[in-house]
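Undergrad: Fold the following, please.
(one chain, ligands or ions: 2)
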Amino acid sequence: MTVSECYQCCRCTNGCPVASDMEIVPHRVMGYILKGEREKVLSSTSPWRCLQCATCSIRCPNGIDIAHVFEILRRLAIESGLAAKGGTWCFDDLIIKSVARHGRLSELEAVTRYRLSNREFLKDAAMGIDMLKRGRIGLTSHNVRGRKTLGAIIREIRERTGT
Ligand code: SF4
Ligand code: SF4
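TA: Ligands and ions are numbered 1, 2, ... in the order given. As a prediction, this is how the structure comes out:
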């Protein structure tokens, strides 16, 4: 079923675990698409808040795969250059790049780069120090064996999918 079958029953939004954190909730996302107002959706943070849990898709009485629609919206947001600046997509990007570099995620590196890109130098600093003290994150990045192969695979996938 396509988005055009949506009759705005709200079941997707009612079941979405992160709807309250979304700038535009799922059924409204569908509504804007139906009205041809894609830019509103693409420039919002909503596509990046989606957890891809597919609860909405299961609940939709019309069988619309809303989770897949959100996935497509992410791709379109990047391709069109409308992706919300400094949004979750930047963080996603930094995490993937960190994994490509080290073979595993360097949390400190990803968070530091994210905060620097947003010019929020000291945000979360206290929490970061606390996590360092508890040994939850390390000061250095550990490289994993086979990281070059993994990095090449990730780059290939990103090139092919345009993400
Ligand atoms: S559950 Fe399906 S029909 Fe209902 S609002 Fe969401 S997308 Fe539209
Ligand atoms: S797939 Fe995304 S939009 Fe659908 S219920 Fe899960 S988080 Fe919400």
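Undergrad: Just the pLDDT for the residue positioned nearest the centre of the chain.
TA: Closest to where the C-alpha atoms of the chain average out (Cα atoms, centre = their mean) is residue 48, at 3.6 Å. pLDDT, residue 48: 85.
Undergrad: again, but for the one 3 residues further on
TA: According to the prediction, residue 51 has pLDDT 87.
Undergrad: you'd agree the residue nearest to the centre of the chain is up against residue 78?
TA: No - under the criterion of Cβ atoms under 8 Å, residue 48 makes no contact with residue 78, lying 10.4 Å away. In short, each C-beta sits where N, CA and C put it, glycine included.
Undergrad: hang on, the earlier thing: and the residue nearest to the centre of the chain, which helix or strand is it part of?
TA: helix 46-49 (DSSP states H and E).
Undergrad: Distance from that helix to the middle of the chain?
TA: Distance of helix 46-49 from its chain centroid, counting by Cα atoms, centre = their mean, to the nearest Å, is 6 Å.
Undergrad: Stretch 39-47 too?
TA: The answer for stretch 39-47 is 12 Å, by Cα atoms, centre = their mean.
Undergrad: same question, stretch 100-115
TA: That offset, for stretch 100-115, works out to 16 Å (Cα atoms, centre = their mean).
Undergrad: circling back: briefly note if the helix holding residue 48 comes near ligand 1.
TA: No - Helix 46-49 does not reach ligand 1 (Cβ under 6 Å from any ligand atom); its nearest approach is 13.5 Å.
Undergrad: what's the spacing between the residue nearest to the centre of the chain and residue 144?
TA: 27 Å (Cβ to Cβ, to the nearest Å).
Undergrad: Repeat that for residue 129.
TA: For residue 129, the distance to residue 144 - Cβ to Cβ - is 26 Å.
Undergrad: Read off the pLDDT value for the most far-flung residue of the chain relative to its centre.
TA: Computed with Cα atoms, centre = their mean, the residue of the chain farthest from its C-alpha average is residue 133, at 28.8 Å. At residue 133, the pLDDT value in this model is 78.
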